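Undergrad: predicted structure and sequence below. I'll ask about it afterward.
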Amino acid sequence: MFEQEPVNYNDYLPSVQVQSTPATVEGLKTRQAEEVKAAIFMAKQFPRDQQAAFNRIMQACQRKKLAEEAEYEFPRGGSKVSGPSIRLAEVLAQNWGNIDYGLIELEQRNGESQVMAYAWDMETNTRRQMTFTVRHERKAKGSINRLEDPRDIYEMVANQGARRMRACILGVIPGDIVDAALERCRQTLKEGYSEPLADRVRKALQQFHEKHGVTTEMIEKYIGCKAESFTENDYLRLGNIWRALRDGMAKREDYFDFKTGSDFESETEKQFKAAQEKDKPKKASGVTDEAGQSELPLP
């Protein structure tokens, strides 16, 4: 029998820099090490029942509110990128069990923050983490504004960190569980509406126009068919786009072409305007009566 290599619990401790005395730092590390040991011990003593965890996830995905927030979609490089949202990832981690996840701000100086996102399955000892930099600035209308308010900085870090934390959580949960949860959320949305599809589509088109200035023609061009032919899946796609615009993950120009409809002039309109331009000098030099004789210009 080979001897098992002892576990170094310090490897699982976040390297938070604390400005304090050496004794305080050592005490903090000792306490964190004991907390890690206790978490691992509890995970081993009470391992997850995978079937029960799966059933809890499926039951959670039957909630309409969660189903509405479960998936995102945005265009990139001529294709569409979609996947589970941070809300669904959090529900998966909570119901799968024995998973520790979160964000830790390691350091903040020189107008930027060093942040670590992580997810750790304490039962299987599977860990995913990402360390990244968040600059304390926001781009608005072509300019870069420095963030000074601590609340603005916190919201910026939390917003950018949520995407990394989602990726970490999805990295430790089996992919087939994630796919099944997404499919159940889609089914919940299809079954959870009392209104007919046509009424829901009409309201969605009205909301897009009022909130984002997106016309029905633009949406029809994006989906690829007339609004009267939209299916349940098309309606779900509109919901994903709405959430992406609301959460600031994409801009309306990423989805819709704002040079459609009335923005394009037909060839007849162009010829008519060109003819008017040619007639302007004649009207300025004189006025022609019914007999075709030229008169003096009107005062």
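TA: Received it, and whenever you're ready, just let me know what you need.
Undergrad: please parse the chain into its domains.
TA: 47-182, 193-254, 265-295 (automatic domain parsing).
Undergrad: isn't there a helix covering A167?
TA: Yes - checked against DSSP: H, G, I helix; E, B strand; the rest coil, A167 lies within a helix.
Undergrad: break down the stretch 151-299 of the chain into its helices, ranges please.
TA: 175-191, 197-212, 216-223, 232-246, 267-285 (DSSP state H, counting those that start in this stretch).
Undergrad: ok, which of these comes nearest K29?
TA: With C-beta to C-beta as the measure, helix 175-191 is the member of the helices of the stretch 151-299 of the chain nearest K29 (34.6 Å). Every C-beta, even on glycine, is put in place using the N, C-alpha and C of the backbone.
Undergrad: buried ones in that closest one?
TA: Going by neighbour count (16 or more other C-beta atoms under 10 Å), the buried part of helix 175-191 is I177, V178, A181, L182, R184, C185, R186, T188, L189.
Undergrad: right, and the helices of the stretch 151-299 of the chain - which one's nearest I153?
TA: Ranking these by proximity to I153 (C-beta to C-beta) places helix 232-246 first, at 22.3 Å.
Undergrad: now for N95, how many residues are close by?
TA: N95 has 22 neighbouring residues, counting by other C-beta atoms under 10 Å.
Undergrad: from D149, how far out is it?
TA: According to C-beta to C-beta, to the nearest Å, N95 stands 36 Å off from D149.
Undergrad: same deal with M58?
TA: 42 Å.
Undergrad: which one of these two is surrounded by more residues?
TA: Higher neighbour count among M58 and D149: M58, with 17 against 9, using other C-beta under 10 Å.
Undergrad: what sits against the more buried one?
TA: A180, A181, R184 (C-beta atoms under 8 Å, 6 or more residues apart in numbering).
Undergrad: do that again at 10 Å, thanks
TA: Residues in contact with M58 (C-beta atoms under 10 Å, 6 or more residues apart in numbering) are N95, I177, A180, A181, E183, R184, C185, T188.
Undergrad: just give me the closest of those to A89.
TA: Looking across the contacts of M58 and measuring by C-beta to C-beta, the closest to A89 is A181, at 9.6 Å.
Undergrad: quick one: residues contacting that closest one.
TA: With the criterion set at C-beta under 10 Å, 6+ apart, A181 makes contact with 54, 57-58, 60-61, 66-67, 70-71, 84, 88-89, 91-92, 95, 173.
Undergrad: check L238 too.
TA: Counting by C-beta under 10 Å, 6+ apart, L238 touches E73, R200, V201, A204, L205, Q207, F208, I219, Y222, I223, F230, Y255.
Undergrad: just the buried subset of the residues you listed, please.
TA: Buried members of the contacts of L238, scored by 16+ other C-beta under 10 Å, are E73, R200, V201, A204, L205, F208, I219, Y222, I223, F230, Y255.
Undergrad: lowest-confidence entry in those?
TA: On pLDDT alone, E73 ranks lowest of the buried ones among the contacts of L238, at 74.
Undergrad: now the one helix or strand F54 maps to and helix 175-191, what's the angle there?
TA: Applying DSSP states H and E as the criterion places F54 in helix 50-60. Angle of helix 50-60 versus helix 175-191, following axes from the mean of the first three to the mean of the last three C-alpha atoms, to 10 degrees, is 30 degrees.
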